[in-house]
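> what's the 3D shape of this:
(one chain, ligands or ions: 1)
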Amino acid sequence: MRILLVEDHEALRGLIAGHLGGRGFAIDAVASAEDARSALAAAAYDALILDLGLPDADGMEILREVRGRKADPLPTLILTARDGLEDRVRGLNAGADDYIVKPFDLTELEARLRAVLRRPGRAMPCPSPAAR
Ligand code: CA
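Numbering: from 1, shown residues only. Purely as a prediction, here's the structure:
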């Protein structure tokens, strides 16, 4: 399983990559939206772990781009320090499969990642404007 991790916090990025790498995942870890776009264009991933607070873009932009161009939905787990209900709903409506609020336990992150990887159908459909 090849996972793209997008997290600008260096220590956290290292912790997540180290934990998941030790549990059998192949992790590509990047720190910016620009590097995330390059990685997504260059390789096929089984899942995306995406921080929303990135230095050069809102992670939500990356999520929308991924949802807009991928025929096969890329399971996506959002990392966010924002614990407001609105951000969670926005993320889920934009096509995230799950989210985890910082600070979190690495074993919980791993469990949620495994859950989105095995979920059939994966992403919830975005509501159409007419259905709102
Ligand atoms: Ca961040």
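> in contact with the closest residue to the ion within the chain, which residues?
Using Cβ to the ion, the closest approach of the chain to the ion is made by residue 53 at 3.6 Å. From N, CA and C alone the C-beta is placed, and that goes for glycine too. For residue 53, the contacting residues are 8, 59, 80-82, by Cβ atoms under 8 Å, 6 or more residues apart in numbering.
> in the lowest-mean-pLDDT helix or strand in the chain, what's buried?
Lowest by mean pLDDT, DSSP states H and E among the helices and strands of the chain is helix 85-93, with a mean of 83. Buried residues in helix 85-93, defined by neighbour count with 16 or more other Cβ atoms under 10 Å: 87-88, 90-92.
> how about stretch 99-112, which residues are buried there?
Judged by neighbour count (16+ other Cβ under 10 Å), stretch 99-112 contains these buried residues: 99-100, 109-110, 112.
> do it and the ion meet?
No. Figure legend: stretch 99-112 not in contact with the ion (Cβ under 5 Å from the ion); closest approach 8.6 Å.
> what is the end-to-end distance of that stretch?
Start-to-end span of stretch 99-112 (Cα to Cα, to the nearest Å) is 8 Å.
> tell me the SS of residue 72?
What DSSP: H, G, I helix; E, B strand; the rest coil gives for residue 72 is coil.
> likewise for residue 64?
Going by three-state DSSP: residue 64 is helix.
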